[in-house]
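**Student:** Here's my sequence, what's the structure:
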Amino acid sequence: MSEPYTAPLPGQVVLPHVWAPRGYQTKAWNALVHDGVRRAVLVWHRRAGKDLLLLNVTAFHALVRAGVYWHIFPTAKQGRKILWDGVTKQGRPFLDHWPRDFIASRSEADMRLKFTNGSVWQVVGSDNFHEALIGGNPAGLVFSEYALQNPRCWEYLRPILAENEGWAAFAFTPRGSNHGETLFEMAMRNPAWFCERLTVDDTGAIPLSAIEEERLSGMPEELISQEFYCSFAAALVGSYYGKLIEAGQKDGHLTLVRHVRDQGVETWWDLGMNDATAIWFVQRAGQELHVIDYYEASGEGLDHYAEVLRDKGYRFDRHVLPHDVAVRELGTGRSRMETLRSLGVVTSSARAVVAPHLPLADGVNAVRTILPRCWFDQAKCERGIQALKQYQRRWNDDRRMFEDQPLHDWTSHAADAFRYGALMVKDMSRRPDPPPGWAMPDTPASGTVVWPPWEWGAWDYPRTVEIHDDPDGLY
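**Tutor:** Sure thing, here's the model as predicted:
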């Protein structure tokens with residue numbers, strides 16, 4: 001337990017400011033403040049005071065060492081609601097935990113405080129880290145709800161923090177088996193990291209009657225297991241494709257999928273304007289869809305993705321693009337389709353097809369239809385697979401139910417790109433009936449068959465198919 005608060009003498013700053021850690025928070029407080037631990041993972045249950053503890057940890061470090069400190073949320077909007085404008089359950093604003101005499105200036109627009117010793121503290125979001133955090137040189141980082149964040153944010157900041165000999169703390173409740181669990185398991189094995197999992201049974205901070213009230217009001221049991229008992233094993237509630245991805249993993253569909261060099265590759269795109277662009281690389285093998293690669297980046301122009309495609313060395317024969325690819329940009333007056341043509345991405349041999357602008361439910365159903373036919377290269381598609389697995393509906397805390405719209409987070413780009421591609425996959429689960437009077441020939445036919453129509457015969461009947469005109473983008 002920290003020392004009790006005493007009024008500061010004139011000119012002094014005393015931290016923590018009118019606050020002391022709760023009993024179960026003391027180990028983490030001592031590790032990060034007194035023991036010099038530079039990496040910490042706090043898997044604590046809901047309403048255990050993670051953000052408030054780490055805000056006070058940051059205040060201590062910001063006073064001791066002048067530097068830049070970021071409190072990172074999945075989105076900047078969440079950060080503003082929860083921390084910048086938020087209050088504790090006692091009604092005290094979170095920002096009041098910074099002594100007023102320590103604050104030199106405050107920016108509402110940037111959610112940033114500057115202090116008298118030169119330190120800077122800011123609330124930011126990992127959703128646009130490529131823009132908001134570029135050029136930053138942090139000395140301390142707090143990742144709030146890390147299990148819901150884009151893991152690329154930590155990958156981007158880790159070498160910068162290591163060079164600065166800074167510290168980082170990751171606080172979250174589990175959200176299924178994802179990058180949060182991977183980080184937790186690594187930290188448990190690494191003696192240089194402080195790692196702790198606290199459930200309601202460990203803290204006593206939330207009475208069982210309150211949990212029962214949540215249950216009776218409609219909170220799913222899986223969500224209760226995650227939120228209050230910190231279970232990584234509980235299924236990710238509200239996931240659109242989680243169960244199908246898990247089933248595919250059990251059936252061996254997440255494995256090594258080799259690129260067939262003499263066969264064409266098609267790409268499925270989600271084009272971001274101010275955020276990420278995602279691209280899936282797919283080859284067809286009869287009924288199967290072989291997902292051989294995945295790429296995603298943020299803050300890059302189309303010339304970057306054209307270069308990525310050239311470097312892959314694949315022979316492209318089709319690019320599935322979102323419906324807004326034909327919209328002309330105000331700055332250039334050109335559509336992104338025209339830009340892709342000028343960059344040599346879209347050609348006569350690598351044609352572009354535009355996914356239809358259909359309701360989300362249609363696209364989700366299309367993905368669910370094709371996923372059992374998909375084989376993913378586990379290594380090259382790791383990030384995309386995790387995004388599909390974690391893509392989920394938005395939870396409405398006031399109505400105690402999932403909404404019909406997805407949660408827009410780091411998983412959205414990969415999921416949208418896959419949805420556009422799925423909409424352009426012809427359902428080949430059933431072959432059309434043969435024409436009246438048709439019979440299987442005694443000897444295989446030779447020559448070229450044009451699609452459509454279908455060449456009639458058994459599945460193993462040898463044939464050559466040449467696609468001439470396919471305006472609907474259907475093979």
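**Student:** quick one: low-confidence parts of the chain?
**Tutor:** For the chain, applying pLDDT under 70 flags the ranges 1-13, 130-132, 134-135, 234-235, 273-274, 330-332, 397-401, 427-475.
**Student:** mind giving me the domain split of it?
**Tutor:** As given by automatic domain parsing, the domain ranges for the chain are 23-229, 244-423, 438-475.
**Student:** now those in a markdown table, with distance to residue 17?
**Tutor:** Any C-beta I mention is one placed from the backbone N, CA and C, and that applies to glycine too. Formatted as a markdown table, these follow (distance: least, C-beta to C-beta, whole Å):
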| stretch | distance to residue 17 |
| --- | --- |
| domain 23-229 | 5 |
| domain 244-423 | 29 |
| domain 438-475 | 61 |
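**Student:** Which among these is found nearest to residue 237?
**Tutor:** domain 23-229 (4.6 Å; C-beta to C-beta).
**Student:** that older thread, okay, the domains of the chain in JSON lines with mean neighbour count next?
**Tutor:** Converted to JSON lines, the domains of the chain look like this (neighbours: other C-beta atoms under 10 Å):
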{"stretch": "domain 23-229", "mean neighbour count": "18"}
{"stretch": "domain 244-423", "mean neighbour count": "17"}
{"stretch": "domain 438-475", "mean neighbour count": "11"}
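**Student:** out of those, nearest to residue 16?
**Tutor:** domain 23-229 (4.5 Å).
**Student:** Quote the end-to-end distance of the closest one.
**Tutor:** Distance across domain 23-229, first residue to last, is 19 Å (C-alpha to C-alpha, to the nearest Å).
**Student:** picking that back up, so which of the domains of the chain comes closest to residue 14?
**Tutor:** Judging the domains of the chain by C-beta to C-beta, what sits closest to residue 14 is domain 23-229, at 7.3 Å.
**Student:** how far out from the middle of the chain is the closest one?
**Tutor:** 18 Å (C-alpha atoms, centre = their mean, to the nearest Å).
**Student:** Then stretch 21-41?
**Tutor:** Centre to centre, stretch against its chain (C-alpha atoms, centre = their mean), the figure for stretch 21-41 is 28 Å.
**Student:** Same check on stretch 371-378?
**Tutor:** 19 Å.
**Student:** what do you get for stretch 281-291?
**Tutor:** The answer for stretch 281-291 is 24 Å, by C-alpha atoms, centre = their mean.
**Student:** Also stretch 14-25?
**Tutor:** Using C-alpha atoms, centre = their mean, the offset of stretch 14-25 from its chain centre is 33 Å.
**Student:** List the buried residues in it.
**Tutor:** By 16 or more other C-beta atoms under 10 Å, the buried positions in stretch 14-25 come out as 14, 15, 16, 17, 19, 21, 24, 25.
**Student:** Next, the distance between the ends of it.
**Tutor:** 20 Å.
**Student:** Isn't residue 309 up against residue 266?
**Tutor:** No. Under the criterion of C-beta atoms under 8 Å, residue 309 is not in contact with residue 266, lying 11.7 Å apart.
**Student:** shared neighbours, these two?
**Tutor:** Among the neighbours of residue 309, those also in contact with residue 266 (C-beta atoms under 8 Å, 6 or more residues apart in numbering) are residue 316.
**Student:** hang on, the earlier thing: show me which of the buried residues of stretch 14-25 is closest to residue 213.
**Tutor:** Out of the buried residues of stretch 14-25, the member with the shortest distance to residue 213 (by C-beta to C-beta) is residue 24, at 22.3 Å.
**Student:** Alpha carbons of stretch 100-114, as PDB, please.
**Tutor:** As requested, C-alpha coordinates have been extracted for stretch 100-114 and formatted as PDB (Å, rounded to 0.1, in the frame of the first residue of the first chain):
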ATOM      1  CA  ARG A 100      -3.200  20.900 -11.200                       C
ATOM      2  CA  ASP A 101       0.100  22.600 -10.300                       C
ATOM      3  CA  PHE A 102       1.900  20.000 -12.500                       C
ATOM      4  CA  ILE A 103      -0.100  20.900 -15.600                       C
ATOM      5  CA  ALA A 104       1.300  23.600 -17.800                       C
ATOM      6  CA  SER A 105      -1.200  23.400 -20.700                       C
ATOM      7  CA  ARG A 106      -4.200  21.300 -21.900                       C
ATOM      8  CA  SER A 107      -5.400  20.500 -25.400                       C
ATOM      9  CA  GLU A 108      -9.000  19.300 -25.600                       C
ATOM     10  CA  ALA A 109      -8.800  18.600 -29.400                       C
ATOM     11  CA  ASP A 110      -5.700  16.400 -29.100                       C
ATOM     12  CA  MET A 111      -6.500  15.000 -25.600                       C
ATOM     13  CA  ARG A 112      -3.000  16.100 -24.500                       C
ATOM     14  CA  LEU A 113      -1.600  17.500 -21.300                       C
ATOM     15  CA  LYS A 114       1.800  19.200 -21.100                       C
END
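**Student:** List of residues touching it?
**Tutor:** For stretch 100-114, using C-beta under 8 Å, 6+ apart, the contacting residues are 8, 13, 63, 76, 79-80, 84, 95, 98, 115-117, 120-124.
**Student:** So the residue nearest to residue 176 when sequence neighbours are not counted: helix, strand or coil?
**Tutor:** Counting by C-beta to C-beta, 6 or more residues apart in numbering, residue 176 lies nearest to residue 236, which is 3.3 Å off, once chain neighbours are set aside. Under DSSP: H, G, I helix; E, B strand; the rest coil, residue 236 falls in the coil class.
**Student:** And residue 236, how far from residue 204?
**Tutor:** Look at residue 236 and residue 204: by C-beta to C-beta, to the nearest Å, they are 27 Å apart.
**Student:** same thing with residue 264?
**Tutor:** 61 Å.
**Student:** Thought residue 82 was touching residue 93, still the case?
**Tutor:** No. The criterion here is C-beta under 8 Å, and residue 93 misses it with residue 82 at 11.9 Å.
**Student:** All the strands of the stretch 351-475 of the chain, residue numbers only.
**Tutor:** With DSSP state E, counting those that start in this stretch as the criterion, the stretch 351-475 of the chain has strands at 351-354, 374-377, 393-396, 401-406, 449-451, 465-467.
**Student:** Mind putting those strands into a markdown table with distance to residue 228?
**Tutor:** Compiled in a markdown table, the strands of the stretch 351-475 of the chain are given as follows (distance: least, C-beta to C-beta, whole Å):
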| stretch | distance to residue 228 |
| --- | --- |
| strand 351-354 | 46 |
| strand 374-377 | 33 |
| strand 393-396 | 15 |
| strand 401-406 | 18 |
| strand 449-451 | 55 |
| strand 465-467 | 55 |
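**Student:** Out of those, flag the one nearest residue 160.
**Tutor:** So among these, strand 374-377 is nearest, using C-beta to C-beta, at 30.3 Å.
**Student:** List the contacts of that closest one.
**Tutor:** 248, 253-257, 288-293, 384-385.
**Student:** Which of those sits closest to residue 153?
**Tutor:** Nearest to residue 153 out of the contacts of strand 374-377 is residue 384 (C-beta to C-beta; 17.1 Å).
**Student:** how much space between the closest one and residue 270?
**Tutor:** 11 Å.
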